[in-house]
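Novice: Okay, predicted coordinates and the sequence, questions at the end:
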Amino acid sequence: MKNISGKWPVFVIIILGLFVIFGPYSDSKVSARDKNIYKEIKTFNEVLDMVQKNYVEEIDSSVLIQGAINGMIKSLDPHSAFMTPDVYKELEVETQGRFGGIGIEITILKDVLTVVSPIEDTPAFKAGVKSGDQIIKIDGKSTKDITIMEAVKKLRGPKDSKVTITILRENMTQPKDIVLTRAVIQIKSIKSKTFDDHIGYIRIASFHERTSDDLRKALADVSAKTTPMKGLVLDLRNDPGGLLNQAIEVSDIFLKSGMIVSTRGRAKNMETKTMARDNGGKEVTVPMVVLVNEGTASAAEIVAGALQDNGRALIVGTQTFGKASVQTVIPLENGSALKLTTARYYTPNGRSIQAEGIKPDIIVKLVKPSEEPENPLEERLREKDLKGHIKPAKEDGTQLEENNKVDDLKEVSDLTKDNQLKTAIDILKSWHIMRKNLTN
């Protein structure tokens, strides 16, 4: 059982069918709840039979049953999903960080398939696809009512194969077709650079199978260029998360001791507490600032929460997305899989940030240069805005009231293109100066 969030023991769920065989039990031995379930299954069987016999066209029963399963899972929460064998394979490919495609991040914005951003040096980037472009057709077929996974499946494919996307862009008088040749897309989850005064910078774009290894390499490179490194900015802005085990390993690189994260669900095996390991002095010990925003979610929030609650880093930016639920991927016998929300996770101090997010220690709103055009993706959705989201809860399972108040964010007057990053660097420079003056 894989967790998008990590790897767990494999449980294989076998669907035996929809017919209930009643044994020699009296009504008194069957609970009222079981009776209701049996009645609902009987109703389902009746409806299935009627559709098969009377629908205007003959339809495969497997299509009907799959549709019923999809409807059942969609009634749970936004992150649970039933995946066909093809979609499950796509998910496995995605967590490996390498696949054939055109190189764009996509979302559904106001019911329209929309480009979040093209990935640098990919076919889409080179063809001029821009953030905010609406994809209204793929290979001539409308994308109306398409899901993200369906769109991903259509856009990905073998290297050197072609796909045509039809886009609409603000100020365009008519749609435009763009023919793209797919390439092998290598997601680089880690980017790094250095700044004056021995300040290092590392950005984690997502958490996939190689993230912690790539982070160690980036840290070694930054340390060599800034010797001695006096401060580090860890940029988790717009990081949608990924694998839980990688979030834990990344946190462990910066922590010598203390809790990283705990999880709690209905099943006993979902109750876990993960502690930092003593790596024999190999932990990064320089002062740290972590940058976050509304796009910081899931695994990225685990890292930010662990470093904040353990007093290891200062969190700067805006309130995070607020996805604090764990999805477990359960493979099924026919090659499909169920992605099911099985637990909530909690920060080391026992905070449930589900639908709440992590509040930075220092709130700094990003101020864009006046010459930059407005972006339709600027007002990002957060977890609490998603229909059917899991409610926040205490560690004992009792519900918490949701805080719908939006923090008052003061504009930061700065001429640079990234005032949040500048603030982080200024903090680290001041940190070093203050420590130097206090020791004199």
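Specialist: Sure thing, it's come through.

Novice: Output the lowest mean pLDDT helix or strand found in this structure.
Specialist: strand 6-7 (a mean of 36; mean pLDDT, DSSP states H and E).

Novice: need the contact list for residue 313.
Specialist: 234, 254, 288, 289, 290, 307 (Cβ atoms under 8 Å, 6 or more residues apart in numbering). To be clear about C-beta, it is placed using only N, CA and C from the backbone, and glycine gets the same treatment.

Novice: So which elements touch the longest helix that the chain contains?
Specialist: In the chain, taking DSSP state H as the definition, the longest helix is helix 32-54. The contact analysis (3 or more Cβ pairs under 8 Å, 6 or more residues apart in numbering; DSSP states H and E) places helix 32-54 against helix 61-74.

Novice: What residues of the helix it packs on count as buried?
Specialist: Using 16 or more other Cβ atoms under 10 Å as the test for burial, helix 61-74 gives residue 73.

Novice: what's the angle from it to helix 32-54?
Specialist: Angle, helix 61-74 to helix 32-54, by axes from the mean of the first three to the mean of the last three Cα atoms, to 10 degrees: 140 degrees.

Novice: What is the subsequent helix or strand relative to helix 61-74?
Specialist: Using DSSP states H and E, the helix or strand that follows helix 61-74 in sequence is strand 81-83.

Novice: what separates the closest residue to residue 347 other than its chain neighbours from residue 352, distance-wise?
Specialist: Excluding the flanking residues, the one nearest residue 347 by Cβ to Cβ, 6 or more residues apart in numbering is residue 305, at 3.6 Å. Computed with Cβ to Cβ, to the nearest Å, the distance linking residue 305 and residue 352 is 10 Å.

Novice: Repeat that for residue 118.
Specialist: Taken as Cβ to Cβ, the span from residue 118 to residue 352 is 35 Å.

Novice: From the domain annotation, what segments belong to each domain of the protein?
Specialist: In terms of domains, the chain is parsed into 2-85, 98-186, 190-327+342-439 (source: automatic domain parsing).

Novice: so where's this structure shaky on pLDDT?
Specialist: Filtered on pLDDT under 70, the chain yields the residue ranges 1-31, 93-98, 120, 369-416, 436-440.

Novice: What are the boundaries of the helices in it?
Specialist: 32-54, 61-74, 85-96, 123-126, 148-155, 211-225, 244-254, 299-309, 419-439.

Novice: Please look at residue 340 and residue 80 and confirm they touch.
Specialist: Yes. Under the criterion of Cβ atoms under 8 Å, residue 340 makes contact with residue 80 at 5.2 Å.

Novice: hey, which strand is longest across the protein?
Specialist: strand 337-346 (DSSP state E).

Novice: any idea how far that one is from the chain center?
Specialist: Offset of strand 337-346 from its chain centre (Cα atoms, centre = their mean, to the nearest Å): 13 Å.

Novice: helices or strands up against it?
Specialist: Counting by 3+ Cβ pairs under 8 Å, 6+ apart, strand 337-346 packs on strand 81-83, helix 85-96, strand 259-264, strand 325-331.

Novice: May I see the buried residues of that strand?
Specialist: Applying 16+ other Cβ under 10 Å to strand 337-346 flags 337, 338, 339, 340, 341, 342, 343, 344, 345, 346 as buried.

Novice: Tell me which two of those sit farthest apart.
Specialist: Spatially, the most separated pair among these is 337 and 346, at 26.3 Å (Cβ to Cβ).

Novice: distance between stretch 157-170 and the chain's centre?
Specialist: 24 Å.

Novice: Which positions in that stretch come out as buried?
Specialist: By neighbour count on 16+ other Cβ under 10 Å, the buried set for stretch 157-170 is 163, 165, 166, 167, 168.

Novice: which residues touch it?
Specialist: 100-102, 115, 129-130, 132-140, 154-155, 175-184, 376.

Novice: Weed out the non-buried ones from these.
Specialist: 100-102, 115, 129, 132-135, 137-138, 154-155, 178, 180, 182-183.

Novice: So which of those sit within strands?
Specialist: Mapping the buried ones among the contacts of stretch 157-170 onto strands (DSSP E) picks out 100, 101, 115, 134, 135, 137, 138, 178, 180, 183.

Novice: any idea how far the second one is from residue 125?
Specialist: With the distance defined as Cβ to Cβ, residue 101 ends up 12 Å from residue 125.

Novice: and what of the fourth one?
Specialist: Taking Cβ to Cβ as the measure, residue 134 falls 18 Å from residue 125.

Novice: picking up where we left off before, out of the domains of the chain, deepest packed?
Specialist: Neighbour counts (mean count of other Cβ atoms under 10 Å) averaged over each of the domains of the chain peak at domain 190-327+342-439, with a mean of 18.

Novice: ok, residue 186 to residue 99 distance?
Specialist: In terms of Cβ to Cβ, residue 186 sits 9 Å off from residue 99.
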